[in-house]
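>>> predicted model and sequence follow; I will ask about them next.
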Amino acid sequence: MKSLETHLRALRSTGRKALVPYFVAGLTPDWIQHVEAAVHAGADAVEIGIPFSDPMMDGVVIQGAALRALEAGTTLDSLCAQLLTLSTSVPLIAMTYYNIFHHYGLERSTGKLQSSGVSGAIVPDLPPEEASDWMKASASRDIANIFMVAPSTPPERLGRLARLSEGFCYASARMAVTGKSSESGQGRRVVESIRAVSDIPTYIGIGISTPNQAREACEVSDGVIVGSALVQVILNGGGADDVENFVTSFRRSID
Amino acid sequence: MLFRSERNEVSDSHTFMSAPDERGHFGDFGGRFVPEALMPACLELETAFIDAWRDPSFTTEYRQVLREFAGRPTPVTPLDRLSEQLGIRIFAKREDLAHTGSHKINNVVGQTLLTKRMGKHRVIAETGAGQHGVATATASARLGLECTVYMGEIDTERQALNVFRMELLGATVVPVTSGSRTLKDAVNEAMREWVTCVDDTHYCLGSVMGPHPFPWMVREMQSIIGIEAAQQLKDLGVENLDMVVACVGGGSNAAGVFAGFANAPTRLVGIEAAGGSAVGKGSPGVLHGMKSLLMQDEFGQIEEAYSISAGLDYPGIGPEHAYLARSGRAEYFAIGDSDVIHALQVLSLSEGIIPALETAHAVAWLLQEAGKEIPLGSTVLLNLSGRGDKDVAQVREILRGQR
Ligand SMILES: Cc1ncc(COP(=O)(O)O)c(C=O)c1O
């Protein structure tokens, strides 16, 4: 078992719900301090979004943030170097589109991620059918591959995705790209169908933007992923204090 | 659907432009790189397409609509004056005479019929020049389907008349303001939108790109161009065609015409815009659901394409073209903006045909290469993918500026 999964299973056995905030790497010069503030406020793992020019799965907030990070010169090398300066230690999960790794080289990418302290990866445009090279490259580097399950995923695919997922299984609550939403979505149903075939930790993401939504999600799931709502705080000019307050409000709500 | 008889003429036993493997690969390219939410829709579409394409009642209706509504078969025209001028024998396959003014109608007639067959009542589409958007709006109106078209904001300005055309046809046009605000971003936005409405909506992709089965399906629906042309050339007494030339954005008109000659001893030549040259300047990568050749920087960020013609303003190319290029079966060259207007004028003056700016790239290459890449005396088929009506306002501006 990959060490990310060992860690997240142990977390679950303590009864604590996992809170996983998402950051766009390089969005501001002090983004590393934002990550540290989130950990300080009780984040259990952090998703590190590696900016890509054409984020097909992202709504306007993360699109805009990715563009800003790219304009600031963010690259895989630069953000990995910055990750090494993190003063806190929680699991780091890279999230990006396949072209970034494909272009950098698969072996080289997983080596780079591992040496920067990253232990998991979410690549939303890489379905299992195309993932064998990537899975081979990540196996030797102890990088857990996290697959997403969508409300539209039919049962036979769902079983396969849940079995292939390492670390945790990502239950997407809505048929939508990332972004804020007021609906509660279909997360509950998705989690229940994953549970029926696997005991892997299962977190809900996509459209979780308020502490209340997070609490509701955690009634069925083992944790939540919070992306656009947090990125919006930073786009609005929020600093480390604002990040800490934001994450604290989610922590309180799900504990 | 290809001409099986022609296979005998090639010594190489390999068959080009047959079906991809079961996961949609053409050699190292193609495949299906989409978010999980879209995966079921792609699988459903693949099954529906295979089923329909084998069903004579579907293909009969498709061909009937192409005949009675879209104006097929389009003629093959000998370009006598230009031929004499250049010292090569040029025939043009007249997709400009198809309904809505380009080859795009062939694909949308097929995809909208398939939409109905899948029980969906709405289509979305991306468009660059607006030709695919107009064609989709047209075919949707004919079948009473709801239609929304995503178009880069820059293109809505360059092609304002096409926006109005789509609206007259009942479609909603959504200007896309993200990224480079051209075709690439229109595709991103259409994909994002598709995630939210896959149950009742079909994404009518306009070229031989995107995730499997689109590159294959769109090529099959465009292969009517090459199938007709091969027969028409025979009827005209042309026994040996030396070369087929077509412009390439995503590559659908080129794929369609190539399909008629892929296993004949005919050179296949695709002409990209210099500012959107995925074969010339690109490297393997993954974008818009496919692995193909893409223009990208050293970090794998996709580069923005720049072209005078909105329809070629795309940093990628369909995966089957990437395969044809790498295998050497087809060749790709690029033409810069500055040669395009001149080519449009030459064809207008010498043959009485105003081509689309996209098509004018292929014309420009003929003008440039006759007697060089194209040996004097060669017989060449030019795929005249579209007419220039949509571009005349832009061309007028450019010519005024030159004076
Ligand atoms: C007339 C014409 N030709 C060519 C193209 C390029 O598309 P493709 O390469 O798919 O044929 C377009 C696209 O808008 C077009 O309008």
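Perfect, I can see it now. Fair warning: this is a prediction, and the values are worked out from it, not measured in the lab.
>>> okay, CA-based contacts and neighbour counts for the rest of this
Fine.
>>> give the contact list for B:L293.
Residues near B:L293 by C-alpha atoms under 8 Å, 6 or more residues apart in numbering or on different chains: B:278-279, B:282-285, B:316-317, B:319, B:322.
>>> ok so it is a strand residue?
Yes - judged by DSSP: H, G, I helix; E, B strand; the rest coil, B:L293 forms part of a strand.
>>> any idea how far it is from B:V395?
B:L293 sits at a distance of 30 Å from B:V395 (criterion: C-alpha to C-alpha, to the nearest Å).
>>> can you check B:V238 too?
Distance from B:V238 to B:V395, by C-alpha to C-alpha: 35 Å.
>>> just want to know which of these two has more residues nearby.
Remark: of B:V238 and B:V395, B:V395 carries more neighbours, 17 against 13, as counted by other C-alpha atoms under 10 Å in any protein chain shown.
>>> what's the separation between that one and B:E272?
Applying C-alpha to C-alpha, the value for B:V395 to B:E272 is 19 Å.
>>> and what of A:F250?
Separation of A:F250 from B:E272 (C-alpha to C-alpha) stands at 51 Å.
>>> and the longest helix anywhere in chain A, what does it pack onto?
Scanning chain A for the helix with the most residues, using DSSP state H, yields helix A:240-254. Identification of packing neighbours for helix A:240-254 by 3 or more C-alpha pairs under 8 Å, 6 or more residues apart in numbering or on different chains; DSSP states H and E yields strand A:18-24, helix A:31-40, helix A:211-218, helix A:228-235.
>>> in contact with whichever residue of the stretch 1-150 of chain A sits closest to chain B, which residues?
Evaluated by C-alpha to the nearest C-alpha, the stretch 1-150 of chain A has A:D125 as its residue closest to chain B, separated by 4.5 Å. For A:D125, the contacting residues are A:57, A:97-98, B:33-36, B:289, by C-alpha under 8 Å, 6+ apart.
>>> just the ones of the residues you listed in strands?
Counted as lying in strands by DSSP state E, out of the contacts of A:D125, is not a single one.
>>> can you turn the buried part of those residues into a PyMOL selection?
In PyMOL, a selection of the buried entries from the contacts of A:D125 looks like this (16 or more other C-alpha atoms under 10 Å in any protein chain shown):
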select buried, (chain A and resi 57+97+98) or (chain B and resi 33+34+35+36+289)
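>>> of the contacts of A:D125, which ones also sit close to the ligand?
Cross-checking the contacts of A:D125 against the ligand (C-alpha under 6 Å from any ligand atom) gives no overlapping residues.
>>> need the contacts of A:D125 in JSON lines with distance to A:T88 and pLDDT, can you?
Output for the contacts of A:D125, formatted as JSON lines (distance: C-alpha to C-alpha, whole Å; pLDDT from 0 to 100):
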{"residue": "A:M57", "distance to A:T88": "29", "pLDDT": "93"}
{"residue": "A:Y97", "distance to A:T88": "26", "pLDDT": "98"}
{"residue": "A:Y98", "distance to A:T88": "28", "pLDDT": "98"}
{"residue": "B:F33", "distance to A:T88": "34", "pLDDT": "98"}
{"residue": "B:V34", "distance to A:T88": "34", "pLDDT": "97"}
{"residue": "B:P35", "distance to A:T88": "32", "pLDDT": "96"}
{"residue": "B:E36", "distance to A:T88": "33", "pLDDT": "96"}
{"residue": "B:G289", "distance to A:T88": "37", "pLDDT": "98"}
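>>> go through the contacts of A:D125 and name the one nearest the ligand.
B:G289 (16.1 Å; C-alpha to the nearest ligand atom).
>>> so which other helices or strands are in contact with the lowest-mean-pLDDT helix or strand in chain B?
Lowest on mean pLDDT, DSSP states H and E among the helices and strands of chain B sits helix B:153-158, with a mean of 90. Helix B:153-158 is packed against strand B:172-176, with contacts defined by 3+ C-alpha pairs under 8 Å, 6+ apart.
>>> sorry, back to before: ranking the helices and strands packed on helix A:240-254 by burial, who's on top?
strand A:18-24 (a mean of 26; mean count of other C-alpha atoms under 10 Å in any protein chain shown).
>>> do that strand and chain B meet at all?
No - using C-alpha under 8 Å from any C-alpha of the partner chain, strand A:18-24 never reaches chain B; the gap is at least 15.5 Å.
>>> what mean pLDDT would you report for that strand?
Here strand A:18-24 scores 98 as its mean pLDDT.
>>> then stretch B:341-355?
Mean predicted confidence for stretch B:341-355 is 98.
>>> cool, stretch A:213-231 as well?
Rounded mean pLDDT across stretch A:213-231 is 97.
>>> ok now that stretch, how far from the chain's centre?
Centre-to-centre, stretch A:213-231 and its host chain are 11 Å apart (C-alpha atoms, centre = their mean, to the nearest Å).
>>> mind listing residues that contact it?
A:12, A:17-24, A:61-62, A:65, A:178-180, A:184, A:187-188, A:191-192, A:201-210, A:243, A:246, A:250, A:253-254.
>>> low pLDDT regions in chain A?
Nowhere does chain A drop to pLDDT under 70.
>>> what does it put close to chain B?
Contact residues (C-alpha under 8 Å from any C-alpha) of chain A with chain B: A:52-59, A:75-76, A:98-100, A:102-104, A:124-127, A:129-130, A:148-154, A:175-177.
>>> which among those residues count as buried?
For those, buried by 16+ other C-alpha under 10 Å: A:52-59, A:75-76, A:98-100, A:102-104, A:124-127, A:148-153, A:175-177.
>>> inside strands: which ones of those?
Those of these mapping onto strands are A:148-149, per DSSP E.
>>> tell me the centre residue of chain B?
B:S252 (2.6 Å; C-alpha atoms, centre = their mean).
>>> what distance do you get for that one to the ligand?
Per C-alpha to the nearest ligand atom, to the nearest Å, B:S252 is found 4 Å from the ligand.
>>> so what's that residue scoring on pLDDT?
At B:S252, the model reports a pLDDT of 98.
>>> quick check on residue 160: phi, psi?
Went with chain A since none was named. Taking degrees, to the nearest 10, you get phi -70, psi -40 for the backbone angles of A:R160.
>>> what's the first-to-last distance across stretch A:136-149?
First-to-last distance for stretch A:136-149 - C-alpha to C-alpha - comes to 21 Å.
>>> repeat for stretch A:227-247
End-to-end distance for stretch A:227-247, by C-alpha to C-alpha: 11 Å.
>>> same check, this time on stretch A:166-179
25 Å.
>>> off-centre distance for that stretch?
The mean C-alpha position of stretch A:166-179 is separated from the chain mean by 9 Å, C-alpha atoms, centre = their mean.
>>> now do stretch A:179-198
So, by C-alpha atoms, centre = their mean, the centroid of stretch A:179-198 is 16 Å from its chain's centroid.
>>> residues of that stretch that come out buried?
Buried residues in stretch A:179-198 (16+ other C-alpha under 10 Å): A:179-181, A:184-188, A:190-191, A:193-195, A:198.
>>> would TSV of the residues you listed with secondary structure be doable?
Converted to TSV, the buried residues of stretch A:179-198 look like this (three-state DSSP):
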residue	secondary structure
A:G179	coil
A:K180	coil
A:S181	coil
A:S184	coil
A:G185	coil
A:Q186	coil
A:G187	helix
A:R188	helix
A:V190	helix
A:V191	helix
A:S193	helix
A:I194	helix
A:R195	helix
A:S198	coil
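>>> can you tell me which of those lies nearest to the ligand?
A:G179 (31.1 Å).
>>> isn't the closest one up against A:G205?
No - applying C-alpha atoms under 8 Å, one finds A:G179 not in contact with A:G205, separated by 10.2 Å.
>>> and the contacts of B:L293, which of them are in strands?
Within the contacts of B:L293, residues falling in strands by DSSP E are B:283-285.
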